[in-house]
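# A predicted structure for the sequence below; I have some questions about it.
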Amino acid sequence: MITLPVIDWTIVAQLLVVFGGATVLLLLDLAIPAGRKQVTAYLALLVVLGAAAVGVMHAGVSGATFGGTLRLDPFRTAVGLVCLAAAALSILLAVTFLGRHQIERGEFAVLVLFGVGGMLLLVQAADLVVMFLSLALLSITLYVLAGFALPEPRSEEAALKYLLTGAFATGFLVFGIALIYGATGSTTLATIAAAGPGLTGEYRLYAAAGLLLLVVGLGYKASLVPFHMWTPDVYDGAPTPVAAFMSVASKAAVLAALTHVLLVGFGELRALWAPILAVVAAATLLVGNIGALVQQNVKRMLAYSSIGQAGFLLFGPIAASDRGIDALVFYLAGYTAANLAAFAVLIALEARGETEWSMARLSGLWQRSPGLTLALALALLSLAGVPPTAGFIAKFAMLDAVWQAGYPALVVLGVVTSAIAAAYYLRVLLRAAGPAETDAPPMFGDWPLRLGMALAALAIVVLGLAPGWLLSFS
Amino acid sequence: MIPTYYYVALGAIMFAIGVIGVLVRRNVLVTFMSVEMMLNAANLVLVAFAFARQDILGQVIVFFVIVVAAAEVAVGLALLMAIFRTRQTTNVDDMTLLKG
């Protein structure tokens, strides 16, 4: 007789809430008449809040279940909460945006739920197969979301470009998993780590090659240089709330998975991956920030800036210390709040039929809406790392972590690229404070959008002024 | 018996052909086929290792890979249909609305 292993339901409770909620909502959506699809979005918001409440309830839980393929610990809980917060804010920002752009369909909120479920699963995964499946789940939902404004050609093009690069990346990931399985006979990170030191000859080669392919596969999803080419096009073409969602949440989940693979599964090969990752981080910082400097399109500028931020995020696994992990969580939280606030301002200014998000449209914003300008200023100053915002503490913690780990060159590069970043963020703010250059675009200030923007702005300030409670969570 | 690394070498060559296909071919359908080639190269390696180790896990992973590949292609082809309706093309070189 087959005996089923004991399942620890507290570890999977969050996943059950999200996936159960998404499935039920998909059915409920049938009963909600077209034109009232906002109801679906609010119900999805409830599901996300429920999952977040479960996460907070189990904040101190550590353990593994399903044969050690799923794990929960304070780091995973914290990153999961960041993903859920990003999903909740993105739904708030999208609720009226979708109606305004006549793409109000119930599937939007359900897809966001499945996407964030995939992200939670990716964060909790302690097994390469679970990582592969959860990555596929979150990627496929994001492909559909990127093309959600169909038949708008730019949205379609963004979805196709995202899908082609994403499928390409999946190939690398799967081949990497195959080689690692061949080398170690397992796909569970703990078993891989245990088998690592005993590997000889060709098996050692398989493991090293597998790890590199795995990093390539995850690097695509986290838009690390040189696998970043898709990012500006996809963020530019995708509906703005979708761009906001994927720029923060999927990055957080993928960075957490990358950290687990490197530190838990292949800690023994650190001498191999740490220098490679340091070079990738340096290239990502330079390409992202220099690329953003020349952009006139605000959405593309934010895309390049998110590439630059990914370089900073990579400092966490490179530092490979508790300090680095703490900094990574804080950086993810601060970056999520700031980027969502920045995108929220764009959403508030985006009427239907806009094609290119020219920087000129932000000019004269201060005279028309000091509130929006303030939110934009907070977001961009935080992204640039100006005190007293969350971004300053985050960058400082990251630089401290890599300094302690013995990478002074990365610290210098981090500071220099932050200075470059400040230049293009301030350029946007100067345009916003200056005189209007074009006809005033319409502004939208419905309550869900205002609430989302206010929450994001509040998080920037709170994290910046009182960072202690999140910075020393582990 | 054929040594396992023969299969790994064959898989690596198939994988490389798939990668080159994605990078140089311009038709989206052929690009999808190239991605399938990459995934099947990984499947071949998985099955070879599973056989060498007399272990079922590698073969189970193959099923997951096939399912994910099918799901990806389902979304991809639906998207391609939509794009073909608006633009009458499946060539990636014609996808030039987003650039800069």
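Structure's in. What do you need?
# Just list the residues touching the spatially closest residue to residue B:59 that is not a sequence neighbour, thanks.
The shortest distance from residue B:59 to any non-neighbouring residue, by CB to CB, 6 or more residues apart in numbering or on different chains, is to residue B:50 (4.8 Å). All C-beta atoms are positioned from the backbone trio N, CA, C, and that covers glycine. Neighbouring residues of residue B:50 by CB atoms under 8 Å, 6 or more residues apart in numbering or on different chains: B:56-59.
# Tell me if the biggest helix by length in chain A is near chain B.
If each helix of chain A is counted by residues according to DSSP state H, the longest one is helix A:153-184. Yes - Helix A:153-184 reaches chain B (CB under 8 Å from any CB of the partner chain) through A:153-154, A:156-161, A:163-164, A:166-168, A:170-172, A:174-175, A:177-179, A:181-182.
# now swap in stretch A:109-129 and tell me
Yes - interface with chain B: stretch A:109-129 contributes residue A:129 (CB under 8 Å from any CB).
# what's the distance between the longest helix anywhere in chain B and the middle of its chain?
As assigned by DSSP H, the longest helix anywhere in chain B is helix B:57-87. Distance of helix B:57-87 from the chain centroid (CA atoms, centre = their mean, to the nearest Å) equals 9 Å.
# Also stretch A:367-377?
25 Å.
# what does that stretch rub up against?
The contact list for stretch A:367-377 (CB under 8 Å, 6+ apart) reads A:341-342, A:344-345, A:348-349, A:362, A:365-366, A:428-429, A:432-433, A:435-436, A:440, A:443, A:453-454, A:456-457.
# Quick check on residue A:62: phi, psi?
phi -130, psi 140 (degrees, to the nearest 10).
# circling back to that earlier point, of the residues of helix A:153-184 next to chain B, buried ones?
A:153-154, A:156-161, A:163-164, A:166-168, A:170-172, A:174-175, A:177-179, A:181-182 (16 or more other CB atoms under 10 Å in any protein chain shown).
# I'd like the distance between whichever residue of the stretch 51-200 of chain A sits closest to chain B and residue A:266.
Nearest residue of the stretch 51-200 of chain A to chain B: residue A:171, at 3.2 Å (CB to the nearest CB). Separation of residue A:171 from residue A:266 (CB to CB, to the nearest Å) stands at 21 Å.
# now swap in residue A:134 and tell me
19 Å.
# Against which helices or strands is the lowest-mean-pLDDT helix or strand in chain A packed?
Lowest by mean pLDDT, DSSP states H and E among the helices and strands of chain A is helix A:468-471, with a mean of 73. On a contact count with 3 or more CB pairs under 8 Å, 6 or more residues apart in numbering or on different chains; DSSP states H and E, helix A:468-471 meets helix A:322-348.
# Pull out the buried residues from the helix it packs on.
In helix A:322-348, counting by 16+ other CB under 10 Å, buried: A:323-348.
# Which parts of the next helix or strand after that helix count as buried, going by neighbours?
Of the helices and strands lying after helix A:322-348 in sequence (DSSP states H and E), the nearest is helix A:365-368. Of all the residues in helix A:365-368, those buried under the rule 16+ other CB under 10 Å are A:365-366.
# From the contact counts, what lies against the helix or strand hosting residue B:7?
Per DSSP H and E: residue B:7 is located in helix B:4-24. For helix B:4-24, the packing partners by 3+ CB pairs under 8 Å, 6+ apart come out as helix A:153-184, helix B:28-53.
# Turn the ones you listed into a markdown table, including mean pLDDT.
Listed next are the helices and strands packed on helix B:4-24 as a markdown table, based on pLDDT from 0 to 100:
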| stretch | mean pLDDT |
| --- | --- |
| helix A:153-184 | 94 |
| helix B:28-53 | 95 |
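# Now render those as CSV, adding distance to residue A:106.
What follows is the helices and strands packed on helix B:4-24, written out as CSV (distance: least, CB to CB, whole Å):
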stretch, distance to residue A:106
helix A:153-184, 18
helix B:28-53, 29
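# What is the neighbour count of the residue of chain B found nearest chain A?
Nearest to chain A in chain B, going by CB to the nearest CB, is residue B:38, at a distance of 3.2 Å. Residues lying near residue B:38 (other CB atoms under 10 Å in any protein chain shown) number 26.
# Same question for residue A:258.
Neighbours around residue A:258, by other CB under 10 Å: 24.
# tell me which element it falls in.
helix A:251-260.
# between that helix and helix A:322-348, how many degrees?
Angle of helix A:251-260 versus helix A:322-348, following axes from the mean of the first three to the mean of the last three CA atoms, to 10 degrees, is 160 degrees.
# which strands and helices sit next to helix A:251-260?
Helix A:251-260 packs on helix A:74-100, helix A:107-124, helix A:128-146, helix A:201-221, helix A:298-313, helix A:315-319, helix A:322-348, going by 3+ CB pairs under 8 Å, 6+ apart.
# how about TSV for these, with distance to residue A:407 and mean pLDDT added?
Shown next, in TSV, are these (distance: least, CB to CB, whole Å; pLDDT from 0 to 100):
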stretch	distance to residue A:407	mean pLDDT
helix A:74-100	21	94
helix A:107-124	26	96
helix A:128-146	27	96
helix A:201-221	18	93
helix A:298-313	13	94
helix A:315-319	7	94
helix A:322-348	11	94
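# Could you dump those helices into TSV and include distance to residue B:18?
Below are the helices and strands packed on helix A:251-260 laid out as TSV (distance: least, CB to CB, whole Å):
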stretch	distance to residue B:18
helix A:74-100	32
helix A:107-124	24
helix A:128-146	17
helix A:201-221	13
helix A:298-313	26
helix A:315-319	28
helix A:322-348	33
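# Which one of those helices lies nearest to residue B:91?
Residue B:91 lies closest, by CB to CB, to one member of the helices and strands packed on helix A:251-260: helix A:128-146, at 19.5 Å.
# I'd like to know how many residues surround residue A:198.
So residue A:198, with other CB under 10 Å, has 9 neighbours.
# now residue A:283
So residue A:283, with other CB under 10 Å, has 16 neighbours.
# Now it, what are its backbone angles?
Residue A:283 adopts backbone torsions of phi -60, psi -40, taken as degrees, to the nearest 10.
# before we move on, what about residue A:101?
Backbone torsions for residue A:101, taken as degrees, to the nearest 10, come to phi -90, psi 10.
# Could you measure from it over to residue A:301?
22 Å.
# sorry, back to before: return the distance of the least confident helix or strand of chain A from the chain's centre.
With CA atoms, centre = their mean, you get 20 Å for helix A:468-471.
# Pull that helix out as CSV, backbone CA atoms only.
The C-alpha trace of helix A:468-471 is given here as CSV (Å, rounded to 0.1, in the frame of the first residue of the first chain):
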residue,chain,number,x,y,z
GLY,A,468,14.6,49.0,11.6
TRP,A,469,11.6,46.6,11.8
LEU,A,470,12.1,45.3,8.3
LEU,A,471,15.9,45.5,8.0
